[in-house]
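In: no sequence for this one, just the structure:
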């Protein structure tokens, strides 16, 4: 496997674009990534498009109007991990020597949709209502509160932190500081999760151009953002049993860390899948940033704020930057790339040399993708 | 890139399964492929699932109930070329050295659906009705008839041939011999295409286990079915312009032939994308089996029948075996594998040593996948 670097990234502000076709959202992100990389579309030999709900040949509908170059375009789906799975597929295409350059894209238009239900019509969970994502995560939160004495106020603090970060990110869907009281007093969605503890639905797109380190060196002296490790995993727990979202994160991140040759103590910045407040607490533990049951203490200590020991979701995360499903993983790649290049503006993590992205798809365990980037 | 072989294939008979969940269709094909390969699911380290219309995390829904091993499961979509694109992705995963074994799966349940319209609500083609697949191909047929003097009877003969082949295939959805008169007198769908010149909708699944030649040699002395070449391409013509379905086939097959080091004259058997009768005529030319405008003469000569110089669609093709979109490309892989192993029963092409599969997706040019298998 050859060393691979991120040559350029592009993102559009997540939000609601009722009058913009989804293909155009994708095009804007691709143009931004190509510009950032200094690469023309005609020099891209393969493209991977991640999305979950946009129907057939989404990548073609985005890329055909950038240029009809006839290259392989491969659409990749893995629920909320679709964009990050597309990135891993693009990485493998370059690392393996099949292609010298690849474009990875994540795109989604969610503003037409209501709440996502992970069940099928014939699943027993549907009539019980436990297939709806807020319900799934509310049950996880209740279990965690019972096991580890997490309070509702401590849980809501995740949202306060991430919205404060999102205020510093011009690409965030929600750029509004929230008080703990506002988060706790917002409408109850599924007890204990109030509205501001659930990631918003929205539209968005993000893209990256990757290449070999050798090709990158022909263009500049660096420093380059390297893809140091990545992995995709799926669940090992039984459908219908309580979802153990930490287990899949732990297993998948360990494979990515092993490929990197580093570990959680070597990370400087983290973008993780905070689809609901409780998810961030669980994923601190899954990613190895702290021990089991210690997530709430890590948060309370301030360690995961910008300026803390291990800043988590400086972009605002899914809670504040937004969560247009297929675009999320690629937006995390863009954020970590900017952090490692010291281009993250007011939300810059000083001296960040290694960062990780983490997304989880499909009811908490159908797919997980983890990528380590280093400078 | 390491040499890769097809270790096992599995298929369920295409048709209508109103009472069988789509996940179970997929499971049946996977079990058959694993049995044929003599490999246990626990020894499969990665899986690729091709489908077009089954919603989020289809691969997980199939494979989680075979066993929760936690391996990466990647869903791949490329319209009618979804299954074949999943196969190419699996090939690349093994050839590149990332995995020693991979499972590729194609699955689709179409019986709930009507005619596929390739347009989006905002496309100008929708109110014109030219986005419906039969209309698209009827226009291609009319153009071809005008350019090359193809008659309606000569065109209908494709369906007579493929249904005769399908009668010999226990996996075919339609196992009924049709006369030329029956084909021509069947209900007009889009002039000149009558009902029996359009592939049926249906449900189906097919799967394959692939591995390196080195691993295969540890298991048996062979001979092995090798993946000699493969390629994926996308369109270079302009949306709204007449679809040149031969061009993308020509360009993509040439890349697969180049990787193989052979050409159309070296092929013994072909499975191509006869979604409508006219498509088979055009793809004879695109795959290089004959020159431009000569497709009808190749057919009339009997060369593409079983026992002819270059048998095409011995399985019955899409017209007779059926066309559950995402399953089609994988069913072609299964058919060519059986042909090269001399396990194709009454439809065996004597002494077949090299075969090609060809699928086209998304309105004639969004995606094309071509794979050459050899013994």
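Out: It's in. Values in this document were obtained by computation on a predicted structure and should not be read as measured data.

In: where exactly do the helices run in chain A?
Out: A:22-37, A:58-63, A:82-95, A:125-128, A:133-148, A:152-166, A:180-185, A:213-219, A:245-260, A:277-286, A:295-300, A:317-320, A:325-340 (DSSP state H).

In: among those, which is nearest chain B?
Out: Proximity to chain B (C-beta to the nearest C-beta) singles out helix A:58-63 among the helices of chain A, at 4.4 Å. Heads up, the C-betas are built off the backbone N, CA and C, glycines and all.

In: identify each buried residue in the worst-scoring helix or strand of chain A on mean pLDDT, please.
Out: In chain A, no helix or strand scores lower on mean pLDDT, DSSP states H and E than helix A:125-128, which sits at a mean of 74. By neighbour count on 16 or more other C-beta atoms under 10 Å in any protein chain shown, the buried set for helix A:125-128 is residue A:125.

In: list the contacts for residue A:229?
Out: Contacts for residue A:229 (C-beta atoms under 8 Å, 6 or more residues apart in numbering or on different chains) come out as A:255, A:256, A:257, A:258, A:259, A:260, A:261, A:262, A:370, A:371, A:372.

In: hang on, the second one packs against residue A:368?
Out: No. With the criterion set as C-beta atoms under 8 Å, residue A:256 and residue A:368 do not qualify as a contacting pair; they are 10.0 Å apart.

In: the more surrounded of the two?
Out: residue A:368 (36 against 26; other C-beta atoms under 10 Å in any protein chain shown).

In: now that one: how far from residue A:230?
Out: 11 Å (C-beta to C-beta, to the nearest Å).

In: show me the shaky parts of chain A.
Out: Residue ranges of chain A with pLDDT under 70: A:112-121, A:238-243, A:364.

In: which parts of stretch A:201-212 are buried?
Out: For stretch A:201-212, by 16+ other C-beta under 10 Å, it's A:201, A:202, A:203, A:204, A:205, A:206, A:207, A:208, A:209, A:210, A:211, A:212.

In: for burial, what's the neighbour tally of residue A:129?
Out: Residue A:129 has 13 nearby residues by other C-beta under 10 Å.

In: please report the distance of it from chain B.
Out: Residue A:129 sits 19 Å away from chain B, going by C-beta to the nearest C-beta, to the nearest Å.

In: tell me the contacts of that residue?
Out: Taking C-beta under 8 Å, 6+ apart, we find residue A:129 in contact with residue A:135.

In: quick one, phi/psi of residue A:99?
Out: phi -140, psi 150 (degrees, to the nearest 10).

In: who's in contact with it?
Out: Residue A:99 touches A:45, A:46, A:93, counting by C-beta under 8 Å, 6+ apart.

In: can you narrow these to ones near chain B?
Out: With C-beta under 8 Å from any C-beta of the partner chain as the criterion, the contacts of residue A:99 include residue A:93 near chain B.

In: residue contacts, residue A:177?
Out: Taking C-beta under 8 Å, 6+ apart, we find residue A:177 in contact with A:163, A:164, A:167.

In: switch the cut-off to 10 Å
Out: By C-beta atoms under 10 Å, 6 or more residues apart in numbering or on different chains, residue A:177 lies in contact with A:160, A:163, A:164, A:165, A:166, A:167, A:320.

In: among the residues you listed, who's most crowded?
Out: Neighbour counts for those peak at residue A:320, which has 31 neighbours (criterion: other C-beta under 10 Å).

In: so what's the most centrally placed residue in chain A up against?
Out: Centroid check for chain A by C-alpha atoms, centre = their mean gives residue A:329 as the closest residue, at 3.3 Å. Residue A:329 sits next to A:50, A:78, A:80-88, A:104, A:106, A:206, A:271, A:273, A:357-361, A:369-371 when contact means C-beta under 10 Å, 6+ apart.

In: out of the residues you listed, which are buried?
Out: Among these, those that count as buried by neighbour count (16+ other C-beta under 10 Å) are A:50, A:78, A:80-88, A:104, A:106, A:206, A:271, A:273, A:357-361, A:369-371.

In: what subset of those residues is also close to chain B?
Out: With C-beta under 10 Å from any C-beta of the partner chain as the criterion, the buried ones among the contacts of residue A:329 include A:50, A:78, A:80, A:81, A:82, A:85, A:86, A:88, A:361, A:369 near chain B.

In: tell me how far the fourth one lies from residue A:231.
Out: Remark: distance between residue A:81 and residue A:231 (C-beta to C-beta) = 11 Å.

In: those residues of the stretch 151-300 of chain A touching chain B, which are they?
Out: Near chain B, when you scan the stretch 151-300 of chain A using C-beta under 10 Å from any C-beta, you find A:231-239, A:247-248, A:251-252, A:255.

In: nearest to residue B:3, of those?
Out: Residue B:3 has its nearest neighbour among these in residue A:232, at 25.3 Å by C-beta to C-beta.

In: what sits against the closest residue to residue A:319 other than its chain neighbours?
Out: In space, and not counting its chain neighbours, residue A:319 is closest to residue A:162: 4.4 Å by C-beta to C-beta, 6 or more residues apart in numbering or on different chains. Residues in contact with residue A:162 (C-beta under 10 Å, 6+ apart) are A:172, A:174, A:178, A:196, A:199, A:274, A:277, A:280, A:304-305, A:312-321.

In: repeat for residue A:134
Out: By C-beta under 10 Å, 6+ apart, the contact list for residue A:134 reads A:115-116, A:141, A:188-191, A:193, A:195, A:197-198, A:275-276.

In: just read off the phi/psi values of the residue in chain A that chain B sits nearest to.
Out: Scanning chain A for the residue nearest chain B gives residue A:96, at 3.1 Å (criterion: C-beta to the nearest C-beta). When read as degrees, to the nearest 10, the backbone of residue A:96 gives phi -80, psi -10.

In: what's the spacing between the residue nearest to it when sequence neighbours are not counted and residue B:34?
Out: Setting aside the residues directly before and after it, residue A:96 is nearest to residue B:96 in space (C-beta to C-beta, 6+ apart), at 3.1 Å. Per C-beta to C-beta, residue B:96 is found 23 Å from residue B:34.

In: again, but for residue A:146
Out: 41 Å.

In: could you do residue A:169 as well?
Out: As judged by C-beta to C-beta, residue A:169 and residue B:34 stand 47 Å apart.

In: more neighbours: those two, which one.
Out: Neighbours per residue, other C-beta under 10 Å: of residue A:169 and residue B:34, the larger number sits with residue A:169, 27 against 21.

In: surely residue A:164 is in contact with residue A:311?
Out: No. With contacts counted by C-beta atoms under 10 Å, residue A:164 stays clear of residue A:311, the gap being 11.7 Å.

In: between those two, which contacts overlap?
Out: Joint contacts of residue A:164 and residue A:311 (C-beta under 10 Å, 6+ apart) are A:305, A:347.

In: count the residues that sit near residue A:182.
Out: 17.

In: what is the neighbour count of the spatially closest residue to it that is not a sequence neighbour?
Out: With sequence-adjacent residues excluded and distances taken as C-beta to C-beta, 6+ apart, residue A:182 is closest to residue A:196, at 6.7 Å. Residues lying near residue A:196 (other C-beta under 10 Å) number 24.

In: got it, and the one 4 residues further on?
Out: By the criterion of other C-beta under 10 Å, residue A:200 has 20 neighbours.

In: how close does it get to residue A:152?
Out: Distance, residue A:200 to residue A:152, using C-beta to C-beta: 21 Å.

In: got it, and residue A:133?
Out: Counting by C-beta to C-beta, the separation of residue A:133 from residue A:152 is 19 Å.

In: alright, I will stop here.
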